[in-house]
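Trainee: only the shape, not the letters, is given here:
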């Protein structure tokens, strides 16, 4: 099995060195950089399997770096933030990050989150259950919701015939919704099925990704059911 290559961008020398050592002991190959600009160079040169980006790094902050990476790739991104209630968390998710971890973090927790993200990205069509929809998928595995088409075999989405670029996390989220159109899905269920959380998580991760998905497939496609969750219009 090929080794997993992690890009880790963190300006604190102690945290960077200790975390790099912990990840390498777990079996990851780590490229560590102290600032956003050198981190972007390393990303372009090495094409890592996953990026860990601290929000507050010099040169090019973590949120801006995430946007730059997302412009070029769908590689998974985990943001590192010192404050769980920081607006930086939401900004990072809106920039295209797939998850976040707050500092200080336990090495085992970080490894578990990395592995959870990698599992999701290794199985982009992974939500359990056979995608359904009005009449189910056609013989080519394509679900249709008005002008929205979801190719469950080719992992492609089209809106009005035009391709829609989704990250693997957004694709998994859409597949989860399309498996039960018209059914309200709670944030906790989505965290478990899409983010592979076997534990409680921050529902802001769900809310921001739903909003990102709406901007791509149409704001009116997914309804908010206050106090319960979200549902895809059948």
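Mentor: All right, it came through fine. The model shown is predicted, which means the values in this text are computed figures rather than measured ones. Numbers count the residues shown, from 1 in each chain.

Trainee: I figured residue 31 hits residue 8, correct?
Mentor: Yes - Residue 31 lies in contact with residue 8 (C-beta atoms under 8 Å); the separation is 7.0 Å. C-beta coordinates here come from the backbone N, C-alpha and C atoms, glycine included.

Trainee: neighbour count winner among the two?
Mentor: residue 8 (24 against 18; other C-beta atoms under 10 Å).

Trainee: would you map the strands across this structure?
Mentor: Secondary structure of the chain, counting by DSSP state E: strands at 5-9, 29-33, 50-54, 77-81, 99-102, 142-145, 148-151, 156-159, 162-164, 222-225, 229-232.

Trainee: so for residue 196, which of those strands sits nearest?
Mentor: Among the strands of the chain, the nearest to residue 196 by C-beta to C-beta is strand 99-102 (9.8 Å).

Trainee: chain center to that closest one: distance?
Mentor: Computed by C-alpha atoms, centre = their mean, to the nearest Å, the chain-centroid distance of strand 99-102 equals 11 Å.

Trainee: packing partners of that strand?
Mentor: On a contact count with 3 or more C-beta pairs under 8 Å, 6 or more residues apart in numbering; DSSP states H and E, strand 99-102 meets strand 77-81, helix 87-94, helix 107-122.

Trainee: can you give the domain ranges for the protein?
Mentor: Domains of the chain are assigned by automatic domain parsing as 5-122, 142-232.

Trainee: chain center to the last one: distance?
Mentor: With C-alpha atoms, centre = their mean as the basis, domain 142-232 stands 12 Å off its chain's centre.

Trainee: same check on stretch 36-47?
Mentor: The mean C-alpha position of stretch 36-47 is separated from the chain mean by 20 Å, C-alpha atoms, centre = their mean.

Trainee: could you pull up the mean pLDDT of it?
Mentor: Regarding stretch 36-47, the rounded mean pLDDT is 96.

Trainee: and for stretch 82-96?
Mentor: Stretch 82-96 comes out at a mean pLDDT of 80.

Trainee: show residues contacting that stretch.
Mentor: In this structure, residues lying in contact with stretch 82-96 by C-beta atoms under 8 Å, 6 or more residues apart in numbering are 53, 55-56, 62-64, 66-67, 69-70, 77, 79, 81, 100, 102-103, 167, 202, 204-205, 208-209, 211-212.

Trainee: please spell out the ChimeraX selection for the buried subset of these.
Mentor: Listed next is the ChimeraX selection for buried residues among the contacts of stretch 82-96, using 16 or more other C-beta atoms under 10 Å:
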select :53,55,56,62,63,64,66,67,69,70,77,79,81,100,102,103,167,202,205,208,209,212
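
Trainee: residues near residue 222, how many?
Mentor: Using other C-beta under 10 Å, residue 222 has 19 other residues around it.

Trainee: that one and residue 211 touch, don't they?
Mentor: No - applying C-beta under 8 Å as the test, residue 222 and residue 211 come out as separate, 9.1 Å apart.

Trainee: wait, residue 33 touches residue 7, no?
Mentor: Yes - Residue 33 lies in contact with residue 7 (C-beta under 8 Å); the separation is 7.3 Å.

Trainee: so between those two, which is more surrounded?
Mentor: residue 7 (25 against 22).

Trainee: not counting residues beside it along the chain, what's closest to the more buried one?
Mentor: residue 48 (4.0 Å; C-beta to C-beta, 6 or more residues apart in numbering).
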